[in-house]
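Colleague: Any chance you could fold what I've pasted below:
(one chain, ligands or ions: 1)
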Amino acid sequence: MDKKELIRLALEAREMAYVPYSNYMVGAALLTKAGKVYKGCNIENASYTPTNCAERTAFFKAVSEGEREFAAIAIVGGYAGAPTDYAYPCGVCRQVMMEFCDPKEFCVITAVSEEEYLDKKLEEMLPHGFGPSSL
Ligand code: THU
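Modeller: All right, here's what the predicted structure looks like:
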């Protein structure tokens, strides 16, 4: 699967964002090493703290289906309409990536559109991360 297709799926996932409090819509598309994609959106809550980010929605869907091997994630975010800027994953989501992904291998694609994106390794997004190999 190419990056453009993964970004397209993240944009599709973003349409499902449940964001009555922030109106900030995020979509993610998580690619397994076997080539399967799990989509996720952010899901907010009237009590605020139970809010789940799009990236973690995608990861938790995948892991709960037995997936453990991941290649890349595409992330798009912004207020209603087409994204205008990069939406970087929050620290909690980076930590969840660290749990399941090799920081030297896993690609984090932040995108404005299918044409405009940044592609970084998890290691660059979370330097000196604490993960399973730390224990
Ligand atoms: N959000 C995500 O979905 N992913 C991130 O990595 C950063 C923030 C969501 C959470 C909340 O619904 C909204 O964006 C504003 O913080």
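Colleague: from memory Glu44 sits against Met25, does it?
Modeller: No - counting by C-beta atoms under 8 Å, Glu44 stays clear of Met25, with 10.4 Å between them. C-beta coordinates here come from the backbone N, C-alpha and C atoms, glycine included.
Colleague: between the two, what contacts are shared?
Modeller: Val19 (C-beta atoms under 8 Å, 6 or more residues apart in numbering).
Colleague: Just want to know which of those two has more residues nearby.
Modeller: Met25 (23 against 17; other C-beta atoms under 10 Å).
Colleague: The helix or strand harbouring that one - which strands sit beside it in the sheet, and in what orientation?
Modeller: Using DSSP states H and E, Met25 sits in strand 24-32. Applying DSSP bridges, strand 24-32 is found paired with strand 37-41 (antiparallel), strand 70-79 (antiparallel).
Colleague: Mind checking the pLDDT average for stretch 63-73?
Modeller: For stretch 63-73, the mean per-residue pLDDT is 98.
Colleague: wait, does that stretch contact the ligand?
Modeller: No - between stretch 63-73 and the ligand, judged by C-beta under 6 Å from any ligand atom, nothing touches; the nearest distance is 10.5 Å.
Colleague: Distance of the most centrally placed residue in the chain relative to Lys39?
Modeller: What sits nearest the mean C-alpha location of the chain, by C-alpha atoms, centre = their mean, is Glu55, with 3.2 Å. Per C-beta to C-beta, to the nearest Å, Glu55 is found 11 Å from Lys39.
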